[in-house]
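K.L.:
one predicted model, sequence on top.
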Amino acid sequence: MTTEAATIGLTHGRSEDTGLGHRGPESKSIVVPYGFWLFVLSDMVLFSALFASYGTLVTATDGGPTTHQLFHRDLVAVETIALLLSSFACGLAMITAKRANMLWTQVWLVATGALGAVFLGIELYEFSSMIAEGAGPQRSAFLSSFFTLVGCHGAHVTAGLLWLGTMMAQIWAKGFREDIVRRLLCFSIFWHALDIIWVGIFTIVYLIGTLS
Amino acid sequence: MTENEDNLLDVAPGQPHNNILSESLLYIVGLALALILTGVSFWVASTGVLWGPGVAVGLVVLAIAQIGIHLVFFLHITSGPDNTNNVLALAFGALIVFLVMIGTIWIMAHMNANVGMSPEMMNLQMQH
């Protein structure tokens, strides 16, 4: 079996694994996060469609406010740093969770949530002040696509914060059980992915939108 | 299961390593690189010393670099044999993302320029 598989190039390295699945499926701790990774990638595809419509409609301002008048780089810089540090804290929480350290896991998860909340607070402030200036989503096609793209990311962050709170409670109540840690790993994949999407948003929407 | 066999198992994205120091260092290096790239992006966008038309392209390149940093240092996507499935899924995702984004923007820009409507008409249509 092994020799045969090696002849047709199906083994990896020196392992006995033929790559033909004779060992059975991987454990749940691999399969579940892998499936979640596929979901996250499909979410990226969703965002690519929103980026595409934003890129198409960004000049369709209907005589209303343009990107230059609406966006403030200082606020965006603070948002970006907050979300990046939140992603970092989430990574540290995973390191401590792996070692079943309750105190530090909860500390880093609180930091993750607090920095995420700072990000969300600034975004809501930006949205509400834009709407107050009459630059709401119904003003022009540009603003509709802006609020759809950035609002969809904000909705994901909101959902992530709710998920984070749930995970903190579950770790507290049930400890570092295998299934709980698996869920926490899925949450960390989700949270890092949101930061990746934000890199696209702050570059394409805010920085390129305010070039002189 | 021997340790040798264990090394050849697949790993999930974001799965931590075994040594706490090297693990933490991975995140710290990732954070530092991401902060540097973010800083460079904001600097490139504000400075006047660079050739204007090239700035937008440069910003996109910086963004792609930072996304790479996030994937490697935070999501632990590597080129190792245990990561093949994760990389293949990512490659397929990236293919669809670029097809949708570049395809849409390319086609819509050409339609905007070539479809025989006056610019005023086109604008009216885009706005509703």
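P.N.:
Yep, that arrived.
K.L.:
in chain A, which helix is the longest?
P.N.:
helix A:141-174 (DSSP state H).
K.L.:
for that helix, packing partners?
P.N.:
For helix A:141-174, the elements it packs on are helix A:28-57, helix A:102-132, helix A:178-201, judged by 3 or more C-beta pairs under 8 Å, 6 or more residues apart in numbering or on different chains; DSSP states H and E. C-betas here are computed from N, CA, C, even on glycine.
K.L.:
mind running it again at 10 Å?
P.N.:
For helix A:141-174, the packing partners by 3 or more C-beta pairs under 10 Å, 6 or more residues apart in numbering or on different chains; DSSP states H and E come out as helix A:28-57, helix A:67-70, helix A:73-98, helix A:102-132, helix A:178-201, helix B:119-126.
K.L.:
where in chain B is pLDDT low?
P.N.:
Scanning chain B for pLDDT under 70 picks out B:1-9, B:16-17, B:116-128.
K.L.:
now do the top helix by length along it and helix A:178-201, the angle between them.
P.N.:
Longest helix in chain B, counting residues (DSSP H): helix B:84-114. Counting by axes from the mean of the first three to the mean of the last three C-alpha atoms, to 10 degrees, helix B:84-114 lies at 30 degrees to helix A:178-201.
K.L.:
and helix B:84-114, which residues are buried?
P.N.:
B:85-86, B:89-90, B:93-94, B:97, B:100-101, B:104-105, B:108, B:112 (16 or more other C-beta atoms under 10 Å in any protein chain shown).
K.L.:
go through these and name the one nearest A:Leu185.
P.N.:
B:Asn86 (13.0 Å; C-beta to C-beta).
K.L.:
surely A:Phe142 and A:Thr66 touch.
P.N.:
Yes - A:Phe142 is in contact with A:Thr66 according to C-beta atoms under 10 Å; the separation is 7.6 Å.
K.L.:
ok, back up a step: and the longest helix of chain B, what other elements does it pack with?
P.N.:
Using 3+ C-beta pairs under 10 Å, 6+ apart: helix B:84-114 touches helix A:28-57, helix B:119-126.
K.L.:
quick check: which of these is nearest to A:Asp179?
P.N.:
Among these, if distance is taken as C-beta to C-beta, the winner is helix A:28-57, at 8.0 Å.
K.L.:
so how far is that closest one from its chain's centroid?
P.N.:
9 Å (C-alpha atoms, centre = their mean, to the nearest Å).
K.L.:
that helix near chain B anywhere?
P.N.:
Yes - with C-beta under 10 Å from any C-beta of the partner chain as the measure, helix A:28-57 is seen reaching chain B through A:29-38, A:40-57.
K.L.:
just the buried residues of those residues.
P.N.:
Buried, going by 16+ other C-beta under 10 Å: A:29-30, A:32-34, A:36-38, A:40-41, A:43-45, A:47-57, out of those.
K.L.:
and A:Gly63, which of the three is it?
P.N.:
Following DSSP: H, G, I helix; E, B strand; the rest coil, A:Gly63 is assigned to coil.
K.L.:
just give me the neighbour total for it.
P.N.:
Residues lying near A:Gly63 (other C-beta atoms under 10 Å in any protein chain shown) number 9.
K.L.:
and if you look at A:Pro25?
P.N.:
Neighbour tally, A:Pro25, other C-beta under 10 Å: 8.
K.L.:
cool, B:Leu35 as well?
P.N.:
B:Leu35: 17 neighbours (other C-beta under 10 Å).
K.L.:
surely it meets A:Ser87?
P.N.:
No - applying C-beta under 10 Å, one finds B:Leu35 not in contact with A:Ser87, separated by 11.5 Å.
K.L.:
thinking again about what came up before, got the angle for the longest helix of chain A vs helix A:28-57?
P.N.:
Using the same axes, to 10 degrees: helix A:141-174 against helix A:28-57 is 160 degrees.
K.L.:
rounded mean pLDDT for helix A:141-174, please.
P.N.:
On average, the pLDDT along helix A:141-174 is 97.
K.L.:
list the buried residues in that helix.
P.N.:
A:141-150, A:153-154, A:156-157, A:160-161, A:163-164, A:167-168, A:171.
K.L.:
and for stretch B:64-72?
P.N.:
B:66-67, B:69-72.
K.L.:
ok, A:Trp37 to A:Gln170 distance?
P.N.:
As for A:Trp37, its distance to A:Gln170 is 21 Å (criterion: C-beta to C-beta, to the nearest Å).
K.L.:
still on that earlier bit, intersect the buried residues of stretch B:64-72 with the contacts of chain A.
P.N.:
Restricting the buried residues of stretch B:64-72 to those near chain A - C-beta under 10 Å from any C-beta - leaves B:66-67, B:69-71.
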